[in-house]
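K.L.:
what's the 3D shape of this:
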Amino acid sequence: MRIHLIAIGGAAMHNLAIALKENGHVVSGSDDQIFEPSRSRLAKYGLLPEAMGWNDARITEDIDSVILGMHAREDNPELLKAQQLDLLVYSYPEFIYQQSLHKERVVIAGSHGKTTITSMILHVLKKLNMEFDYLVGAQIEGFETMVKLSDAPVIVLEGDEYLSSPVDRRPKFHLYDPHIALISGIAWDHINVFPTFENYLEQFEVFVDQMMDDGILIYCQADETLDETVNEYGQHLDLRPYETPEYIIENGKSLIMRGPERAEVSVFGEHNLQNLNGALMVCESLGIDEDDFYDAIKDFKGAARRLEEIARNNETVVYKDFAHSPSKLEATVKAVKMQWPERRLIACMELHTFSSLTKEFLLEYEGTMAEADISIVFFKEETLAQKQLEAISTDEVKRAFGRSDIEVFTNSDKLKARLQQLDFHHANLLMMSSGNFGGIDVDAFGKTLVD
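P.N.:
Just a heads-up that it's a prediction; the model follows:
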């Protein structure tokens, strides 16, 4: 097939392009800007567009399918040309579904933990030499791409609740029609698309309600909102709840209690161990034995930017994490503090997304950094302007988080200087953002703090 991807530079889109080329398709693409690591990866596979920008001359009648990324607009000239020629135009979740019609589909959904749970499952399946396809939202150690499409009998999909494309306003996870699904939790996010919690919650109600009869739904029973939703809309399903497994912490390591035995795992924190329990139940639904699961998962180190260790010495560990929404932030801060209760915790987060920088939503962050000994919040005033949002003051941030001692920075150089002043003896640092703190190379900077 000849396939053209509009907005090829996106995280999922560029990985899909690579996967399609590896499968022997003729692949082309376009975008108005492509950043790293997408740019280098596309160049490596000969898929980087010769010129940036949109050009409807790229769209010709011999193209079999056009895949439209979320970054494009509905008036994109290449999209308009494809529609004029009556070509098949898919959003990427719609295309993935079409490629998985004859597979057993497993969908991992939820406001938090999707990428981690999906990564855990993929890690186990690979260790056990099973044949499977996948779509996951981050790079995983041992996997070249975030997407794989083949003739495997099973596909594991990270089910994002964000919109599918500029012309398909359905949440991505509504398109997958799973045989097996997991929902990790429900906590309001994406306020630019779902302006109220009720509107956001409705997307999960629809997901549960439209699952096929007798489909398997695995869900975190500890989440009260999720528990109520599943019991109201999921009575046609095979419901399988999970909670946090019993565990202990010894010398900075988490051990899961399995009767008289203890299973050591590399991940930590109540939320991550909850995720691990959910991943176990998905794997069991695919016919994997519990003993085999724990043997395979013990060396799982996590997905990129999910409580990822970037530096350490005898007294300090520096972590980076993708946490940006209130629920993710609170769970991540609590996890590091519980794992190292004897050490001070310095937690630094960036307000970067549209939701987090909206005054109404900012109030959702109250108490989320309560477990940290020193709390620091960073945001760029330029980002507010770019997103056409109302200005936020330092006092408004402090009131929203419910901590008068919180430190607020809007300049990355001043943030770096403050972190360099801190005493990291017997202390850990947690850097949390879906951005990059105004251009800080967190990996390199984190290493300098523990040298």
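K.L.:
So V230, which state does it fall into?
P.N.:
helix (DSSP: H, G, I helix; E, B strand; the rest coil).
K.L.:
contacting residues for it?
P.N.:
Listed by CB atoms under 8 Å, 6 or more residues apart in numbering, the contact set of V230 reads 183, 208, 217, 219, 239. (Each C-beta comes from the backbone N, C-alpha and C, glycine too.)
K.L.:
and if we set it to 6 Å?
P.N.:
Y219 (CB atoms under 6 Å, 6 or more residues apart in numbering).
K.L.:
ditto for D133
P.N.:
Contacts of D133 by CB under 6 Å, 6+ apart are 148-150, 152, 155.
K.L.:
Can you tell me which of those are buried?
P.N.:
The neighbour count (16 or more other CB atoms under 10 Å) marks 148-149, 152, 155 as buried among those.
K.L.:
Out of these, which sit inside strands?
P.N.:
148, 155 (DSSP state E).
K.L.:
Quick check: of the buried ones among the contacts of D133, which lies closest to R306?
P.N.:
Within those, the smallest distance to R306 is 19.9 Å, found for K148 (CB to CB).
K.L.:
in the sheet, who's paired with the closest one?
P.N.:
Y134 (DSSP bridges).
K.L.:
same check, this time on R344
P.N.:
A427.
K.L.:
which stretches of this protein have low pLDDT?
P.N.:
Applying pLDDT under 70 to the chain flags residues 303-305.
K.L.:
just the helices in the stretch 301-450 of the chain please.
P.N.:
326-339, 359-362, 381-386, 394-401, 412-421, 442-450 (DSSP state H, counting those that start in this stretch).
K.L.:
quick one, which of the ones you listed is packed in tightest?
P.N.:
Scoring the helices of the stretch 301-450 of the chain by mean neighbour count under mean count of other CB atoms under 10 Å gives helix 326-339 as the most buried, with a mean of 22.
K.L.:
For the stretch 1-150 of the chain, which segments count as strands?
P.N.:
Secondary structure of the stretch 1-150 of the chain (DSSP state E, counting those that start in this stretch): strands at 2-6, 26-30, 65-68, 88-91, 104-109, 133-135, 147-148.
K.L.:
can you put those strands in TSV and add distance to K126?
P.N.:
Below are the strands of the stretch 1-150 of the chain laid out as TSV (distance: least, CB to CB, whole Å):
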stretch	distance to K126
strand 2-6	26
strand 26-30	25
strand 65-68	26
strand 88-91	28
strand 104-109	15
strand 133-135	10
strand 147-148	11
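K.L.:
Out of those strands, which is closest to R343?
P.N.:
R343 lies closest to strand 104-109 among the strands of the stretch 1-150 of the chain, at 32.2 Å (CB to CB).
K.L.:
Check which helices and strands that closest one is in contact with.
P.N.:
helix 114-127, strand 154-158, strand 180-183 (3 or more CB pairs under 6 Å, 6 or more residues apart in numbering; DSSP states H and E).
K.L.:
Kindly format the C-alpha coordinates of the longest one as PDB.
P.N.:
Yep, that's helix 114-127 we're talking about. Extracted C-alpha coordinates of helix 114-127, given in PDB (Å, rounded to 0.1, in the frame of the first residue of the first chain):
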ATOM      1  CA  LYS A 114      -1.900   3.800  31.000                       C
ATOM      2  CA  THR A 115       1.600   3.900  29.600                       C
ATOM      3  CA  THR A 116       3.200   2.100  32.600                       C
ATOM      4  CA  ILE A 117       0.600  -0.700  32.600                       C
ATOM      5  CA  THR A 118       0.900  -1.200  28.800                       C
ATOM      6  CA  SER A 119       4.700  -1.200  29.100                       C
ATOM      7  CA  MET A 120       4.500  -3.800  31.900                       C
ATOM      8  CA  ILE A 121       2.300  -6.100  29.800                       C
ATOM      9  CA  LEU A 122       4.500  -5.700  26.700                       C
ATOM     10  CA  HIS A 123       7.600  -6.400  28.700                       C
ATOM     11  CA  VAL A 124       6.100  -9.700  30.000                       C
ATOM     12  CA  LEU A 125       4.800 -10.800  26.700                       C
ATOM     13  CA  LYS A 126       8.200 -10.200  25.100                       C
ATOM     14  CA  LYS A 127      10.100 -12.100  27.900                       C
END
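K.L.:
so it versus strand 104-109, what angle?
P.N.:
Put simply, helix 114-127 runs at 150 degrees to strand 104-109, going by axes from the mean of the first three to the mean of the last three CA atoms, to 10 degrees.
K.L.:
Pull the residues that contact helix 114-127.
P.N.:
Residues from elsewhere that reach helix 114-127, judged by CB under 6 Å, 6+ apart: 108, 132, 134, 136-138, 140, 156, 158, 275, 278-279, 282-283, 293, 296-297, 300, 303, 306.
K.L.:
next one: that helix to chain centre, how far?
P.N.:
Distance of helix 114-127 from its chain centroid, counting by CA atoms, centre = their mean, to the nearest Å, is 13 Å.
K.L.:
Check the last one too.
P.N.:
Offset of strand 180-183 from its chain centre (CA atoms, centre = their mean): 16 Å.
K.L.:
Touching, Y97 and H174? I think so.
P.N.:
No. Using CB atoms under 6 Å, Y97 is not in contact with H174; the gap is 10.2 Å.
K.L.:
Next up, the contacts around the residue located most distally from the centre of the chain.
P.N.:
For the chain, the largest distance from the centre (CA atoms, centre = their mean) belongs to E61, which lies 36.2 Å off. By CB under 6 Å, 6+ apart, the contact set of E61 is L85.
K.L.:
cool, V89 as well?
P.N.:
66, 68, 82.
K.L.:
Tell me how far it lies from S165.
P.N.:
According to CB to CB, to the nearest Å, V89 stands 9 Å off from S165.
K.L.:
Name the residues contacting each of those two.
P.N.:
Common neighbours of V89 and S165 (CB under 6 Å, 6+ apart) are L68.
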